[in-house]
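> All I have is the shape, not the residue letters:
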């Protein structure tokens, strides 16, 4: 199982954010290094995304909001939503990071 998973909920349309390109990056020496990339499925989820075990440090999920907005005919104030986080926990911990998305705002939280 992937140590990191995500999903996108489009709060403007009231449905999952399907077709959102997402990159997982590890921040090494203040520079992002690509770990994995995927596109959200019909349920707005990326279930297999990156390694089973994580190196200690900071990670980023970068959501390509502009591509999604264009595909759904919505306005887009934020072309990217970037969530930087530092996963901490015992080996084998799972981190689920959802994105709640609308044309002029986004938010996130640590899911389960």
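The structure has been received and is ready for your questions. Note that this is a predicted model, so its numbers are computed, not measured. Numbers count the residues shown, from 1 in each chain.
> show me the contacts for the closest residue to residue 67 other than its chain neighbours.
Spatial nearest neighbour of residue 67, excluding adjacent residues (Cβ to Cβ, 6 or more residues apart in numbering): residue 21 at 5.7 Å. For glycine as for every other residue, the C-beta is placed from the backbone atoms N, C-alpha and C. Residues near residue 21 by Cβ atoms under 8 Å, 6 or more residues apart in numbering: 37, 38, 39, 63, 64, 67, 68.
> at 10 Å what do you get?
For residue 21, the contacting residues are 37, 38, 39, 40, 62, 63, 64, 65, 66, 67, 68, by Cβ atoms under 10 Å, 6 or more residues apart in numbering.
> Spatially central residue in this structure, please.
Of all residues in the chain, the one closest to the mean position by Cα atoms, centre = their mean is residue 61, 4.4 Å from it.
> That one: what secondary structure?
On the three-state scheme (DSSP: H, G, I helix; E, B strand; the rest coil), residue 61 is labelled strand.
> isn't it right next to residue 27, touching?
No: judged on Cβ atoms under 10 Å, residue 61 makes no contact with residue 27 at a distance of 11.6 Å.
> which residues are in contact with both of the two?
residue 84.
> on that earlier part again, among the contacts of residue 21, which ones are in helices?
Within the contacts of residue 21, residues falling in helices by DSSP state H are 65, 66, 67, 68.
> Out of the contacts of residue 21, flag the one nearest to residue 110.
Using Cβ to Cβ, residue 63 comes nearest to residue 110 of the contacts of residue 21, at 16.2 Å.
> what's the nearest residue to the closest one if we skip its chain neighbours?
Distance criterion Cβ to Cβ, 6+ apart; nearest residue to residue 63, sequence neighbours excluded, is residue 81 at 4.3 Å.
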